[in-house]
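# I need the structure of the sequence given here:
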Amino acid sequence: MSPDNAPIGIFDSGVGGLSVLRDIRVQLPSESVLYFADQGHVPYGQRKLEQVRAFAEEITRFLLHIGAKLIVVACNTASAAALNYLRQVFPRTPFVGMEPALKPAAESTRTGIVGILATPATFQGALYASVVERFGNGVIILQDTCPGLVGQIEKGELDTLATWEILAKALYPMLEQGIDTIVMGCTHYPFVIPMVKQIVGPEVRVIDPAPAVARQTVRLLDNGGLKTSSSTPGVIRFFTSGKVARFGSQLPRLLGESGEVQRILWSRNKILYVDANKLPSVP
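Numbers count the residues shown, from 1 in each chain. Here you go, the predicted model:
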């Protein structure tokens, strides 16, 4: 396979990265994709950054081993924990990561008060601190970790009372303090934007970073001469370290398309087993 026709590798702790894949499919419909959902370790947000970094490195090795030409770290927590590290370990590989979209929020806010919803690990990371330092001057930033929200989305409970209560607990205090912009700082959270908009109302802008991440992916492919020469729709191969049937059942609703899902097993932070009939073995 020529380098330009090799697939893009995308990974997340679970289904959240599908929000990024969805926009990549819109902007790059001819690119094939390898999507890895590390549902055996979800959620990442409450884990130590060192552990998330180890997961991210092993998943990256796996995706590169089966042919990925570029890696999208479609997880804010993994980006916070590992993005700079991955660029050092794999210097020849282009990486696209996630960071809370504070810049467009700060540029568009009228009240000067912005809310960010993200995981604890994202808020604790150096990447988030850098974003605040660069773009947060003169802006009041309100934060909430939305405990339990990733789990609700992983279960497919996008519009239940329990999900509403998690979001309302986070958003009502922010509304009382005058936010006019809310940033989705976790790739899982865009799937509940309809419910967020119901709570905050039409006067509050809700920012989903996925389109900007897809645009950055396009730029890196263009700059590296890696964009596919094919004009036919790209193929997606899905992998999960969780339950295959459960993940596969969520694809039509969250992504708008489906495909075969293959199981990946871990042992002591190492990918242990890949179906030898379908993929090359991982060293």
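
# in stretch 110-128, what counts as buried?
By neighbour count on 16 or more other Cβ atoms under 10 Å, the buried set for stretch 110-128 is 113-119, 121-125, 127-128. The C-beta positions use only the backbone N, C-alpha and C, and glycine is treated the same way.

# from those, which land in strands?
Counting by DSSP state E, the part of these found in strands is I113, V114, G115, I116, L117.

# ok, N76 touching T122?
Yes: in this structure, N76 is within contact of T122 by Cβ atoms under 8 Å, at 4.5 Å.

# mind listing the shared neighbours of these two?
Common neighbours of N76 and T122, using Cβ atoms under 8 Å, 6 or more residues apart in numbering, are P100, G185, C186.

# from the residues you listed, list just the buried residues.
Neighbour-count burial (16+ other Cβ under 10 Å) is assigned, among the shared contacts of N76 and T122, to P100, G185, C186.

# which among those gets closest to E154?
Nearest to E154 among those is C186, at 11.8 Å by Cβ to Cβ.

# for the chain, what spans make up the helices?
18-27, 49-65, 76-89, 102-108, 120-124, 126-135, 149-154, 161-176, 193-200, 210-223, 244-254 (DSSP state H).

# turn those helices into JSON lines, including distance to F11 and mean pLDDT.
Converted to JSON lines, the helices of the chain look like this (distance: least, Cβ to Cβ, whole Å; pLDDT from 0 to 100):
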{"stretch": "helix 18-27", "distance to F11": "10", "mean pLDDT": "97"}
{"stretch": "helix 49-65", "distance to F11": "5", "mean pLDDT": "96"}
{"stretch": "helix 76-89", "distance to F11": "7", "mean pLDDT": "96"}
{"stretch": "helix 102-108", "distance to F11": "24", "mean pLDDT": "93"}
{"stretch": "helix 120-124", "distance to F11": "16", "mean pLDDT": "88"}
{"stretch": "helix 126-135", "distance to F11": "17", "mean pLDDT": "90"}
{"stretch": "helix 149-154", "distance to F11": "15", "mean pLDDT": "96"}
{"stretch": "helix 161-176", "distance to F11": "24", "mean pLDDT": "98"}
{"stretch": "helix 193-200", "distance to F11": "22", "mean pLDDT": "98"}
{"stretch": "helix 210-223", "distance to F11": "13", "mean pLDDT": "97"}
{"stretch": "helix 244-254", "distance to F11": "13", "mean pLDDT": "96"}
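
# out of the ones you listed, which is closest to G40?
Comparing the helices of the chain by Cβ to Cβ, helix 49-65 comes nearest, at 9.5 Å.

# for the closest one, which positions count as buried?
49, 52-60, 62-64.

# got the domain ranges for the chain?
3-98+211-273, 102-208 (automatic domain parsing).

# quick one on the thing from earlier: for the buried residues of helix 49-65, work out which two are farthest apart.
Greatest spatial distance among the buried residues of helix 49-65 (Cβ to Cβ): L49 and L64, at 22.1 Å.

# what's the closest of the ones in strands among the buried residues of stretch 110-128 to M195?
Nearest member of these to M195, counting by Cβ to Cβ, is L117, at 11.9 Å.

# distance check, the closest one against I264.
Distance of L117 to I264, given as Cβ to Cβ, to the nearest Å: 29 Å.

# mind listing what A162 touches?
Each residue near A162 by Cβ under 8 Å, 6+ apart is listed here: G148, Q152.
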